[in-house]
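Q: Give me a 3D structure for the following:
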Amino acid sequence: MEIPAGYGVVLVTAANVQEAQAIANALVEAKLAACVSLLPIHSIYTWQGKIHTEDEWQLLIKTDLAQYPTLEAKIRELHSYELSEIIALPIVAGSQPYLQWISEQIKGEC
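A: Residues are numbered from 1 along each chain as shown. Have a look, this model is predicted:
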């Protein structure tokens, strides 16, 4: 099995579907992400000493982690949260044709 170098999934939560779609569109258009999947989620968390329960949208951003600094900056520019979740997870294994597709989308080699 070939270990993919540099590919990852970045997790981001957004306050509503409109914000999630705006972030997703901007990342794909800027070739910072090959694909962004949007999922409705229900979050329970502590913020400023209080427990909050919120409906949010989870973005699953498939990217080349070499793009991470620029991707993070773009998310922060568009995000409404004071402290937004931006977590990068490396892909340790994956379908080689799919990983090649990620590479082509981000590098513009379609």
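
Q: tell me the SS of residue 83?
A: For residue 83, the assignment made with DSSP: H, G, I helix; E, B strand; the rest coil gives coil.

Q: Distance check, the residue nearest the centre of the chain against residue 20.
A: By Cα atoms, centre = their mean, the chain has its centre lying nearest to residue 61, at 3.0 Å. As judged by Cβ to Cβ, to the nearest Å, residue 61 and residue 20 stand 11 Å apart. For the C-beta atoms, the positions are set from N, CA and C on the backbone; glycine is no exception.

Q: just residue 92 next, same as before
A: The value you get for residue 92 to residue 20, if Cβ to Cβ is used, is 26 Å.

Q: Of the two, which one has the most company?
A: Per other Cβ atoms under 10 Å, whichever of residue 92 and residue 20 has more neighbours is residue 20, with 21 against 10.

Q: Which secondary structure element is home to the more buried one?
A: According to DSSP states H and E, residue 20 maps onto helix 17-29.

Q: which residues are in contact with that helix?
A: Contacts to helix 17-29, defined as Cβ atoms under 8 Å, 6 or more residues apart in numbering, come from residues 12, 14, 33-36, 38, 40, 57, 59, 61, 63, 71, 74-75, 78-80, 105.
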